[in-house]
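In: Provide a 3D model corresponding to the input given below.
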Amino acid sequence: MKKIFLSNVQTELGKCKASNEVFTEEDISNLPTPVQRYFRYCGYIGKEKMSNAKFIWNDVNFKLARNRPWTKMSVQQYNFASEPGRITYMYIKMFGLIPMEANEAYLNGQGTMLGKLLKKVTIFDNKGSETNVSQAINYLAESLFVPTCALQQNIIWQAIDQNHAKAIYEYKGVKVEGVFTFNDKGEYTNFETDDRYMDTGSGTFSKNKWTAEVSNYVEKNGITIPSDLKAIWNLPTGDYEYFNGTLTNIVYNNTTAN
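Out: Model prediction:
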């Protein structure tokens, strides 16, 4: 599955268009005030626009179910801006012993999630309208980490107040939206949406409120990025945090998958 992941990433990297353009104040002039503040705080103004990004994850913790303990997970991820896209590979040893791999993709507006035990036994193979929506939400929530994505015509920004902005993302027949929260410094701290679908097992899905929490910004190569990210289902029975990871770097404009 990792070979498939790397092959798919290389195919998408081959579609990326190099650009010598940089982010300017004019680019962000029509964005809501807190989004403009984010671009300036993170240091993107004057920096080269990116066509793709590799997320370097470390110390990722994951829960396979609400009543299960945390387990360590290895993650490799690429996001694309030339054409909206996102590809992720995940590796877990269930119970500390049994290898589980998963490929998650959002390409051409289609979302897929495939998981296998011991490289052979399929334990989930999600696709269809609910998965398309959920993967579009992931792409939207991460758009500010690859800010060329945030400037695409597919994303419409709406002002709310000095610390909140709404984003509406529409692509290939799927339309989703969410609210971004920013602090006074300009850090993006929270994203929430009511559009995402939770896999409840046996091929069924339930739409629930979903939140991404972002914190602990650090400087990497002249860009300020968050290093701590959490994903949480806000269920009627209480919050279910299932992802807690450390992002050590974001590498832009890659040409080779590795």
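In: now the strands for the stretch 151-258 of the chain?
Out: For the stretch 151-258 of the chain, applying DSSP state E, counting those that start in this stretch gives strands covering 155-161, 164-171, 174-182, 188-193, 197-201, 204-207, 209-220, 223-235, 238-252.
In: what's in contact with the last one?
Out: Read it as strand 238-252. The contact list for strand 238-252 (Cβ atoms under 8 Å, 6 or more residues apart in numbering) reads 48, 50, 52-63, 66, 70, 73, 75, 145-146, 220, 223, 225-233. All C-beta spots, glycine's among them, are computed from the backbone N, C-alpha and C.
In: ok, of those, which come out buried?
Out: Buried subset of these (neighbour count, 16 or more other Cβ atoms under 10 Å): 50, 52-55, 57, 60-63, 73, 75, 145-146, 223, 225-227, 229-233.
In: can you confirm Pro69 is in a helix?
Out: No - applying DSSP: H, G, I helix; E, B strand; the rest coil, one finds Pro69 to be coil, outside a helix.
In: partner strands of the helix or strand of the chain with the lowest mean pLDDT and their direction?
Out: One helix or strand of the chain scores below all others by mean pLDDT, DSSP states H and E: strand 197-201, with a mean of 89. Using DSSP bridges, the strands paired with strand 197-201 are strand 204-207 (antiparallel).
In: buried stuff in the partner strand?
Out: For strand 204-207, using 16+ other Cβ under 10 Å, the buried residues are Phe205.
In: could you dump it to PDB, C-alpha only?
Out: C-alpha atoms of strand 204-207 as PDB (Å, rounded to 0.1, in the frame of the first residue of the first chain):
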ATOM      1  CA  THR A 204     -22.900   3.300   7.700                       C
ATOM      2  CA  PHE A 205     -22.100   7.000   8.300                       C
ATOM      3  CA  SER A 206     -23.500   9.600  10.600                       C
ATOM      4  CA  LYS A 207     -23.200  13.400  10.100                       C
END
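In: going forward, count from 28.
Out: Got it, first residue is 28 now, which makes that one strand 231-234.
In: pLDDT on it, on average?
Out: For strand 231-234, mean pLDDT rounds to 93.
In: alright, that wraps it up for me.
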